[in-house]
Each structure stands twice: as C-alpha cells, then as structure tokens.
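A.B. asks: Below is the structure, and that's it, no one-letter string:
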C-alpha cells in the first residue's frame, strides 16, 4: 500500500506518495527469494522498470524463476534483460512461459510465415514487411504514448520485445506506469473518472500530410473499436489503473465531446510525468517485457537518417478489462 503525504501550506499542491512499511517488507522478501534463485533484480526508477540479471533466456526457465520474474513484472510494470541473444524459437518459448502468444497483429499480415505470432518492427524493412512507397512523400504518422492493441475487447496482457538491430545512438523507448499515474491523481479526480468509459479505436494520428500511407492503410484495414473503462482494475494486483492514452483512446462515452477532450487532455499530460516513467537504452541482445494492462509506452522518433533499428514483438493473450464496479469492456466492432 502507499500513503499520501502533503507538504507546504496545506493546499495539497505539493505532494508525494511514500511506500508503507508493509510494502517495503514485501519488497525485501521478494528480493531475498530472487537472490536465492541467483536473480539480480535492479530497479531503475522509484516506481517503474527493473533490469533482471542472472538468468539465461536461451534455456528453459524453472517455475520458481518464472514466478519471480512475474512478481517483478507486476511490481515494476516493465522488466528488462540484457545480453540475451535468443532466436525466434526461444523468443516464443519465453512468451509461452508466461502466457498464450497471440497472432502478431490483428490487421498486419505476418512477416514470418513460420512465426505468425511475431510482429516485425523495422524502420527500413517496414512494419510486418509493409513499407511506404518511395516518392509518395507527405504523410507521417505521429508517435504517441499508447497501450498495445487497445482497440479490441481483450487487449494483450503483456508484450515481449527483443532487439535485433540497434543503432549506435537514438531509438530509446519510454514506458509509463499507469497504476502509479492513477495513484497520483487527487481523490476528487479519482472519484470522478472511476465510473467513466472510453471508446478506443485503431485510427492512427497523422502528424503531417493527408492521405494515409501503406503502413497506416494496413493498420486500419479492419476498423476495430472497443469500449474500455477509463480506470480498470488490474486482474492480478487489484490496483486501479488509468487506462487511457492519446493514441487509441477516442472519447469518453458519458461526457460531451468538448468535456471529454478537456478531461482526456489533462489525463494524457498527467500520465507522461517523469515520476511514472522509465527510459530504456537498447543494446544488442536487449529484451523488454511489459505489463500491457498497466503501462503505456512511446516509440522513438530520434533515429538518425540511414541508421537501422529492428525489433520483433510477441504479445500475450489478455483478459477483458473490468471497471471498478465489475463491468466488463465490450467490442463495438468484432475483432474476429
């Protein structure tokens, strides 16, 4: 549990949330169990992200090791591994240790016929081998904070992304802890948004130009829409999670469009606060594993021209989100 501490003149405008003694004790117990298994779990920030050392992901994982990695994932929301030079079969084996791999993407065609669960993300070869046509110019997709495949009824539980080709600099990825983002909202805002729901869709934001390019057309080839709670309850931790982001969230159902725009703008700004985020510098052999139910992340746009960046991603099947009253999300357009 976390407790809220206020400083200053009592107005509540300067505050932080401190960890309780109980939570600190649980963290110490987890660290002790991990150490006994040879794992070295190193937190990267106060709330978000941890690097895990002492495990070889080219080999099958012991159930006790799987349990400790999962516990670290639930606590830190995203965990990272370095110097893990796994192939596609080993990538799939790692994913299956934690859940059921999904098809690579609901709308993109498989890049690898023998591995339909793997989505290719390559700044030169294209997303899932879908490339922009040379000479067409114009349209550019804007990079925004997002939660993976959030426009279906049951978004993925987690994503596992491995680096294949890494530029010498640039290309870092950032994640935000949306459970912590909710906890840092004022009680009045928490109460207001607890019962709200938002439409999420697979439209892509256009940064420049008018006509969608090849990637955008493939991404939006099937219109997908789902209504999710603005605040979901995490199915494993019981935490309340701010479940909106500026890429796929469209509008709040219970509000007028103008009201929705203002409330969402405030929440989008809030979830990007540095206290909730971690930034990861990729290296060859790096792997990121994040809880897609409680995070948003943003794709980098600072890769210098001519430099190659290639990653491969597997997503794991998730549950249907539930709001604070127990109501489930639902699809507006079937994802089958």
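C.D. replies: Arrived safely. It should be emphasised that the depicted structure is a prediction, and the values quoted were computed from it without experimental measurement.
A.B. asks: Could you list the buried residues of stretch 225-238?
C.D. replies: 225, 226, 227, 228, 229, 230, 231, 232, 233, 234 (16 or more other CB atoms under 10 Å). Where you see a C-beta, it was placed from the backbone N, CA and C, and this is true even at glycine.
A.B. asks: So the fifth one is in contact with residue 320, correct?
C.D. replies: Looking back up the chat, that one is residue 229. No - under the criterion of CB atoms under 8 Å, residue 229 makes no contact with residue 320, lying 10.6 Å away.
A.B. asks: where do the contact lists of those two overlap?
C.D. replies: By CB atoms under 8 Å, 6 or more residues apart in numbering, residue 229 and residue 320 have these common neighbours: residue 329.
A.B. asks: ok, the closest residue to residue 50 other than its chain neighbours - how many residues close by?
C.D. replies: The shortest distance from residue 50 to any residue other than its chain neighbours is 4.1 Å, reached at residue 76 (CB to CB, 6 or more residues apart in numbering). Applying other CB atoms under 10 Å, we find 24 residues neighbouring residue 76.
A.B. asks: now do residue 56
C.D. replies: The local packing of residue 56 (other CB under 10 Å) involves 12 other residues.
A.B. asks: And the helices in the stretch 51-200 of the chain, which stretches?
C.D. replies: Assigned by DSSP state H, counting those that start in this stretch, the stretch 51-200 of the chain shows helices spanning 63-76, 88-96, 178-183, 187-193.
A.B. asks: Turn the buried residues of stretch 225-238 into CSV, including pLDDT and secondary structure.
C.D. replies: Shown next, in CSV, are the buried residues of stretch 225-238 (pLDDT from 0 to 100; DSSP: H, G, I helix; E, B strand; the rest coil):
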residue, pLDDT, secondary structure
225, 96, strand
226, 97, strand
227, 98, strand
228, 98, strand
229, 98, strand
230, 98, coil
231, 98, strand
232, 98, strand
233, 98, strand
234, 98, coil
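A.B. asks: can you pull the contacts of residue 162?
C.D. replies: Contacts of residue 162 (CB under 8 Å, 6+ apart): 84, 86, 91, 286, 287, 311, 312, 313.
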